[in-house]
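>>> Sequence first, then the predicted structure, then my questions.
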Amino acid sequence: MSEPPLFERIYAIVRQIPPGKVATYGQIARIVGGCSGQMVGFALASLRGTQTNVPWQRVINRMGKVSPHGAGFGSAIQEDLLREEGVEFDIEGRVDFEKYGWMGM
DNA sequence: CGTATGACGAGCC
DNA sequence: AGGCTCGCCATAC
């Protein structure tokens, strides 16, 4: 069949996340179906930066925290971008899924 | 062309 | 209760 690559489908889901909201790798993987959370992480890592229009910053891990990807700076930028959108971080750097969770998680 | 890596999650012992 | 393995797709060298 002629369905787009799995990664492309993941990008489409992330792109649907509204500003001021955050989603988890597992959540997206579950929506896409047929792939594990790692696929989502790999897909976003393949973006190599802001080449795509995918708000990868709105995607965080299951613990409500960002992952230590890249040299450790990428995660810092991610938090900064989310703060710019209105997302608040806990003392531990965690996000409230009850408030900012996508789809009302 | 083949190998290795890359931002998780859940289950199993 | 804790630690470890497996699963999965794409890209780069």
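Yes, it's here.
>>> Contact residues of chain A facing DNA strand B?
A:24-26, A:29, A:36-38, A:40-42, A:44-47, A:56-57, A:59, A:61-63, A:66-70, A:74-75, A:78 (C-beta under 7 Å from any atom of the strand). For the C-beta atoms, the positions are set from N, CA and C on the backbone; glycine is no exception.
>>> Just the buried residues of those residues.
A:24-25, A:29, A:37, A:40-41, A:44, A:56-57, A:59, A:66-67, A:74-75, A:78 (16 or more other C-beta atoms under 10 Å).
>>> Local confidence estimate at A:Lys21?
We have a pLDDT of 95 for A:Lys21.
>>> ugh, typo on my part, it should be A:Gly49
62.
>>> Let's see which of the residues of chain A next to DNA strand B end up in helices.
Members of the residues of chain A next to DNA strand B lying in helices (criterion: DSSP state H): A:25-26, A:29, A:37-38, A:40-42, A:44-45, A:74-75, A:78.
>>> Which entry within these corresponds to the minimum pLDDT?
Within these, pLDDT is lowest for A:Gly74, at 83.
>>> quick one: it and DNA strand C, what's the gap?
17 Å (C-beta to the nearest atom of the strand, to the nearest Å).
>>> Same question for A:Arg30.
Taking C-beta to the nearest atom of the strand, one finds A:Arg30 at 12 Å from DNA strand C.
>>> ends of stretch A:60-70, how far apart?
14 Å (C-alpha to C-alpha, to the nearest Å).
>>> what comes into contact with that stretch?
A:22-26, A:37, A:41, A:45, A:75, A:78-79, A:90, A:92-97 (C-beta atoms under 8 Å, 6 or more residues apart in numbering).
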